[in-house]
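Undergrad: What follows is a predicted structure for the sequence shown.
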Amino acid sequence: MQKGKFNIIADGAWGSCGKGLISTALADRYMPDIVSTTNMPNAGHTAVDNSTEDKPPFVGKVLPTPSILNAWRANRKAPYTPFTVIGPSAAFHVKRLLEEIEICQVSGNIYIHPRAGVVTQAHQEAETQTNGGTKHIASTMQGCGAFLSDKIMRKADLKLARDLVPEMTDIINFAAIASNYIDIDTLKTLSMPRLLMIMMESGLTILHEGSQGFSLCINHGSHYPFCTSRSTTALQNAADMGIPPKYVGDVILVIRPAPIRVGNVIEEGKTVGYSGDCYPDHKETTWAEIAKAAGAPEEVTKGELTTVTKRLRRVFTFSNTQLVEAAATNGATQIALNFANYIDWSCYGTNDWSKLPQKVIDFIDKIEDLTGVPVTIVGTGPRNDHVCFKD
């Protein structure tokens, strides 16, 4: 992670590569001053504390996942309180926003861009309609596309963050850290992008957690219309935050050895929503086959459920084409290989790079040969300490 820069976490597949784990582990290690996101309710990012006995997993649908470190590290010897920023292209359910603010203990330490939006029940209902909805593409149907449509059409009754939480959309909320670099009178005149630029010029570091996956991008993804409702590339994330390219630091592309798609929608034994095809060098497989190849325990054969919809995820073999396109289009400078335990289960839970089995090392070598980008992070399990850093 580059200091004084806007560092971006991006997903190299159809989402669910584990951006929550990687971004939280990175933030815990390098402690960036600001964590940001432009997430929407159709994506949930999960982080699990090192001590799971009394701490349930945190699923961020509004806040960047590393915001949970405010709560996790509150009683540690090295507390960490990054400033949380929600960008203008984000959208959220108000109840969920307030719940996450309480869980992460970031009240008074958060800024929400006034043009971030409010997703309503009406937006959700619009997407679940048989005619005119998004069920036919196995969408998560959380109302995000319907909200974006209303925002583009500038509907009079559309609610934005400025209409609901003015105290959190006041730029002066940045004063806690910005006033060390900018006088208050100047601070009042600055836009969010300019303020972030001045902070980076002063040496502060930002970690931005992207939402969803490259292959779901509405413009550059694999299979339109089986995609999400907006662009998901790393530079689009920077543009959404108003950050010029010269301020972008590392782009960390998170991938997994067995990419997934959201499960199809099945009603009364009939497929009424299909989530889309795969790349030519993919093959749809089963969780039982993935578990057998990795030497995984029986429970892995049951598969994964998506964070938002709780449908059984469709799973595929690895695609060289998908990897190369994702790395190139996102401008990846580093790659994080997550779910390495699906290659060889013997590495489950390790955080020691030197203990990674040969099958995983061979896979890393293949990734680096294909992309020319170094693999610097390997995730081996769900917990925040199940991560190996190469350095």
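TA: Sure thing, it's come through.
Undergrad: buried set for stretch 107-117?
TA: Neighbour counts over stretch 107-117 (16 or more other C-beta atoms under 10 Å) mark 109, 110, 111, 112, 113, 114, 116, 117 as buried. Every C-beta, even on glycine, is put in place using the N, C-alpha and C of the backbone.
Undergrad: ends of it, how far apart?
TA: The first and last residues of stretch 107-117 sit 19 Å apart, counting by C-alpha to C-alpha, to the nearest Å.
Undergrad: Do me a favour and average the pLDDT over that stretch.
TA: Mean pLDDT, stretch 107-117: 89.
Undergrad: got it, and stretch 44-62?
TA: In the prediction, stretch 44-62 has an average pLDDT of 83.
Undergrad: Go through it and flag the buried ones.
TA: Going by neighbour count (16+ other C-beta under 10 Å), the buried part of stretch 44-62 is 44, 45, 46, 47, 48, 49, 58, 59, 60, 61, 62.
Undergrad: Output the residues you listed as JSON lines; include the columns secondary structure and distance to residue 375.
TA: Converted to JSON lines, the buried residues of stretch 44-62 look like this (DSSP: H, G, I helix; E, B strand; the rest coil; distance: C-beta to C-beta, whole Å):
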{"residue": "44", "secondary structure": "coil", "distance to residue 375": "25"}
{"residue": "45", "secondary structure": "strand", "distance to residue 375": "21"}
{"residue": "46", "secondary structure": "strand", "distance to residue 375": "22"}
{"residue": "47", "secondary structure": "strand", "distance to residue 375": "21"}
{"residue": "48", "secondary structure": "strand", "distance to residue 375": "22"}
{"residue": "49", "secondary structure": "coil", "distance to residue 375": "25"}
{"residue": "58", "secondary structure": "strand", "distance to residue 375": "26"}
{"residue": "59", "secondary structure": "strand", "distance to residue 375": "26"}
{"residue": "60", "secondary structure": "strand", "distance to residue 375": "25"}
{"residue": "61", "secondary structure": "coil", "distance to residue 375": "29"}
{"residue": "62", "secondary structure": "coil", "distance to residue 375": "30"}
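Undergrad: All the helices of the stretch 201-350 of the chain, in order from the start?
TA: Along the stretch 201-350 of the chain, the segments classed as helices by DSSP state H, counting those that start in this stretch run 234-240, 287-294, 320-330.
Undergrad: Out of the ones you listed, the one nearest residue 254 is which?
TA: With C-beta to C-beta, the closest approach to residue 254 among the helices of the stretch 201-350 of the chain belongs to helix 320-330: 9.8 Å.
Undergrad: Show me what the closest one is packed against.
TA: Packing partners of helix 320-330 (3 or more C-beta pairs under 8 Å, 6 or more residues apart in numbering; DSSP states H and E): strand 248-255, helix 358-371.
Undergrad: Burial-wise, tell me which of the ones you listed comes out on top.
TA: Stretch with highest mean neighbour count among the helices and strands packed on helix 320-330: strand 248-255 (a mean of 25; mean count of other C-beta atoms under 10 Å).
Undergrad: Next, the buried residues of stretch 338-351.
TA: Neighbour-count burial for stretch 338-351, counted by 16+ other C-beta under 10 Å, picks out 338-348, 350-351.
Undergrad: again with stretch 289-302
TA: Within stretch 289-302, the residues that qualify as buried are 290, 291, 293, 294, 296, 300, counting by 16+ other C-beta under 10 Å.
Undergrad: so what's the first one up against?
TA: Which is residue 290. By C-beta atoms under 8 Å, 6 or more residues apart in numbering, the residues touching residue 290 are 258, 296, 300, 315, 342.
Undergrad: And it, what's its pLDDT?
TA: On the pLDDT scale, residue 290 is placed at 95.
Undergrad: Need the mean per-residue confidence for stretch 364-383.
TA: Averaged across stretch 364-383, the pLDDT comes to 97.
Undergrad: Span of that stretch from start to end?
TA: 21 Å.
Undergrad: tell me how far that stretch is from the chain's mean position?
TA: Stretch 364-383 sits 18 Å away from the centroid of its parent chain (C-alpha atoms, centre = their mean, to the nearest Å).
Undergrad: And stretch 357-371, by the same measure?
TA: Chain-centre distance of stretch 357-371: 24 Å, with C-alpha atoms, centre = their mean.
Undergrad: Fine by me, thanks again.
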